[in-house]
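Q: A structural model of the following input is requested.
(one chain, ligands or ions: 1)
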Amino acid sequence: MRETKTACCYCGVGCGVIVESDGERITGVRGDPQHPANFGRLCSKGSTLHLTANPVLQQQVRALHPELRTARGAPRAPAAWGETLDFIARRFVSTIREHGPDSVGFYISGQLLTEDYYVFNKLAKGLIGTNNIDTNSRLCMSSAVAGYKQTLGADAPPVCYEDIDHADLIFIAGSNMAYAHPVLYRRVEEARRRNPSLRMIVADPRRTDTARDADLFLPILPGTDVALFNGMLHVCLWEGLVDTAYIDAHTEGFAELKRTVRDYTPAYVAELCGIGEDDLIRAARWFGQAKAALSFYCQGLNQSSSGTAKNAALINLHLATRQIGKPGAGPFSLTGQPNAMGGREVGGLSNLLSAHRDMADSQHRAEVARLWGVESVPATPGKTAIEMFEAVRRGEIRILWIVCTNPAQSLPAQRMVREALEKAELVIVQEAYRTTATVAYADVVLPATTWGEKEGTVTNSERRITRVNAVLPGPGQARHDWEIAVDFARRLETMLERTGTLFPYTTTEQIWNEHRESTRGRDLDITGLSYRILEQQGPQQWPFPEGAAQGRKRLYEDGVYPTASGRARFVDTAYQPVAEPVDARYPLRLTTGRLRDQWHGMSRTGTVAQLFSHAPEPSVAMARVDMERRLIADGDLVHVTSRRGSQILPAFAGDDMRAGQAFIAMHWGEEYLSGRNGGFGVNALTLPALCPASKQPELKHAAVKILKAELP
Ligand code: SF4
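A: Below you'll find the predicted structure:
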């Protein structure tokens, strides 16, 4: 028996796990009692990880060898790695020579390790010369990135998990933390048990399990978060709960915001948000009077056509009341995916560069070009997730390389996405699982290793870096994601007649060391860290500059912010309604979200029978009153129809639903819906309206109608 320490591969809490193996198979998993993210706890998903590594199952669901088809319409056939990568490299060279570097694109994933991310980013921006590389993290946290940068000057959550123990108010907005970040929520529950005066406010359109625990629940209408936060600030202003000394000394832009917030009277906001005026005032008082208020927020704020404004409005509230830069206080965006944070660190989005540098900044581009040893990094903005698929559909991007993600299920406006995948001249899918909907569109399948087989690092929601270790080798001919990228890049360099290589790596540590050097002097400086320190001293938070004994728990305690003036910036946020309001034809507000026991598109959790005991099949939840009006009984099949598509699902009354709302979990795709929905899953219904600042789509709201389905 052998034990290996690594990290859970699901959510951004980033729990440490100890994996037991017998040399041939993974036999068990338990929480790592020494990991500061979870102290030994695991949730239902993490504690069943070993079941997903069952060798018999692996043979059924894993991509085991490269597959290639050289002409559209022909079946894919097994091929050797060398032949496959040479084929792709030749197609890249001919396409780039004929149509330029922006005719290719990469769509990668927050599931990748930091080292994988780093190499793909360098391959696209450094070697090929295109910024067309974006990630499924665009769907979960790009509004949080933009919100932090606009207000605090850097994409860095200023808080840590330990702040839960110092807070006397926890404000959870747009997050069903009990389901989506369960182990962190256990810590909130424990803190509340220990400290009865710790209050909890939850703002959410649904009465989720998290909301049921709240001392004050604000059941706001979808998309009204900015109005709520502005309304709370309005009350704090009137009641003298803002910290004028802090505002004067450490911030700028408050006068403009104050003028805007003046209009957000409690009566106006209460009506707009669909909540009681007294509850709004109470929430504002609790927040403003708290010694330390800690906000947790996630997709309810981010997945919105005004996602950045929602983030900024909440951070405005923290800055104005000085609920930041002290123990137990601050705005804390939870990352959905295990390494969304690591992807941000290496600049793995189309508008970012390594170590939180900006694509739009010529000095930053020059710094990265120097670090990478290339002439320049392109200035042309790359396409973000939805834009990339639209560009593929228009024929502007001809080759699309998809890594470790399933856009044929997870992106909104599935018809457009699937048209794009059909239209592309070459679709490469690098995947551990051959069961995803996207693999069906692949001209080339590159089998990749996954959890339990990979090594490198991940960073969790509190900026903590954990070493990820391999337990067993991957099955069949599966290779590591970074290795595939490096092997391809070297072939491309040869065909492009480059001398030397930008990709000299033979280990993940070499890649990580290069990434580390790129952070020198930046806000996320990790020059004092090493693989050895991570292994010997355990997971560490950034920044961790050279000479530091440990990482920094909390940021901005000195009131100095990484902006040009050193002051935090208030952003003048005005409420904007959802992109697709309800009307007589589509009268119900559909929201989407996670279930407790499933993860994303279920490639992994869908292989574990016990994880279906909580919710065995997809369904739509509605308010009882809406069902009765439509003569729908529990379990009846209904058509859920938006302007973009229709799904047939069983309907159930949920006591978490207000009248006029509906909820469908995001997890089920066509493979689970067995054709009765014409494929696609819930994203047949969602729309590609984007936040103008973050380009994150509004996955949390669409107008739908629901009618009872005729029985055959
Ligand atoms: Fe894994 Fe998240 Fe559960 Fe922790 S809380 S075990 S990281 S899924």
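
Q: around the ligand, which positions in the stretch 51-200 of the chain sit nearby?
A: Contact residues (Cβ under 6 Å from any ligand atom) of the stretch 51-200 of the chain with the ligand: H181, P182, V183. C-beta: built from backbone N, CA, C; applies to glycine.

Q: of all the residues you listed, which comes closest to the ligand?
A: Checking these against the ligand with Cβ to the nearest ligand atom, the nearest one is V183 at 3.7 Å.

Q: how is that closest one assigned, secondary-structure-wise?
A: What DSSP: H, G, I helix; E, B strand; the rest coil gives for V183 is helix.

Q: which residues touch it?
A: Residues in contact with V183, defined by Cβ atoms under 8 Å, 6 or more residues apart in numbering, are V13, C15, A37, N38, R41, L42, C43, G46.

Q: surely the last one touches G31?
A: To tie it back to what came earlier, the one meant is G46. Yes: using Cβ atoms under 8 Å, G46 makes contact with G31 at a distance of 7.3 Å.

Q: which stretches of the stretch 551-700 of the chain form strands?
A: Using DSSP state E, counting those that start in this stretch, the strands found in the stretch 551-700 of the chain span residues 568-569, 588-593, 620-622, 637-641, 646-653, 661-665.

Q: ranking these by burial, who's on top?
A: strand 568-569 (a mean of 26; mean count of other Cβ atoms under 10 Å).

Q: so which elements touch it?
A: Contact partners of strand 568-569 among helices and strands, from 3 or more Cβ pairs under 8 Å, 6 or more residues apart in numbering; DSSP states H and E: helix 142-152, strand 251-252.

Q: ok, which of the ones you listed comes nearest Q59?
A: Q59 lies closest to helix 142-152 among those, at 37.0 Å (Cβ to Cβ).

Q: circling back: how about the contacts of V183 in CSV, adding distance to the ligand?
A: Putting these into CSV (distance: Cβ to the nearest ligand atom, whole Å) gives the following:
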residue, distance to the ligand
V13, 4
C15, 3
A37, 7
N38, 6
R41, 7
L42, 4
C43, 3
G46, 2
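
Q: including secondary structure, could the residues you listed go into JSON lines?
A: Compiled in JSON lines, the contacts of V183 are given as follows (three-state DSSP):
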{"residue": "V13", "secondary structure": "coil"}
{"residue": "C15", "secondary structure": "coil"}
{"residue": "A37", "secondary structure": "coil"}
{"residue": "N38", "secondary structure": "coil"}
{"residue": "R41", "secondary structure": "coil"}
{"residue": "L42", "secondary structure": "coil"}
{"residue": "C43", "secondary structure": "coil"}
{"residue": "G46", "secondary structure": "helix"}
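
Q: what mean pLDDT does stretch 604-621 have?
A: Stretch 604-621 shows a mean pLDDT of 92.

Q: what does stretch 122-135 give?
A: 98.

Q: tally of neighbours for the residue in the stretch 601-712 of the chain that the ligand sits nearest to?
A: Residue nearest to the ligand within the stretch 601-712 of the chain: T605 (9.5 Å; Cβ to the nearest ligand atom). Residues within reach of T605, counting by other Cβ atoms under 10 Å, total 22.

Q: who are the contact partners of it?
A: So T605 contacts K45, T48, T52, D597, Q598, W599, L611, H667 (Cβ under 8 Å, 6+ apart).

Q: shared neighbours of G46 and G31, which are they?
A: Joint contacts of G46 and G31 (Cβ under 8 Å, 6+ apart) are C15, V17.

Q: report pLDDT for the residue in the stretch 201-350 of the chain that the ligand sits nearest to.
A: Distances between the stretch 201-350 of the chain and the ligand by Cβ to the nearest ligand atom are smallest at P338, namely 6.8 Å. P338 carries a pLDDT value of 90.

Q: in contact with it, which residues?
A: A7, C8, C9, Y10, C11, G12, G14, G110, Q111, V458, N460.

Q: what's the answer for I428, then?
A: I88, I399, L400, W401, I402, A442, D443, V444, L446.

Q: which one, of the helices and strands packed on strand 568-569, ends up nearest to V202?
A: It is, among the helices and strands packed on strand 568-569 and with distance given as Cβ to Cβ, helix 142-152, at 18.6 Å.

Q: now the helix or strand following that closest one: how far from the chain's centre is it?
A: Where DSSP states H and E defines the elements, the next helix or strand beyond helix 142-152 is strand 169-173. A distance of 20 Å separates the centroid of the chain from that of strand 169-173, by Cα atoms, centre = their mean, to the nearest Å.

Q: contacts for strand 169-173?
A: 164, 188, 191, 198-204, 210, 214, 225, 228, 283, 286-287, 290, 292-297, 300-301, 314.

Q: give me the phi and psi for A124.
A: Phi and psi for A124, reported as degrees, to the nearest 10, are phi -70, psi -50.

Q: let me see the contact set for it.
A: F106, T130, N131, N132, I133, G382.

Q: in the helix or strand harbouring V188, what counts as buried?
A: Taking DSSP H and E as the definition, one finds V188 inside helix 182-194. Residues P182, V183, L184, Y185, R186, R187, V188, A191, R192 are the ones in helix 182-194 that count as buried (16 or more other Cβ atoms under 10 Å).
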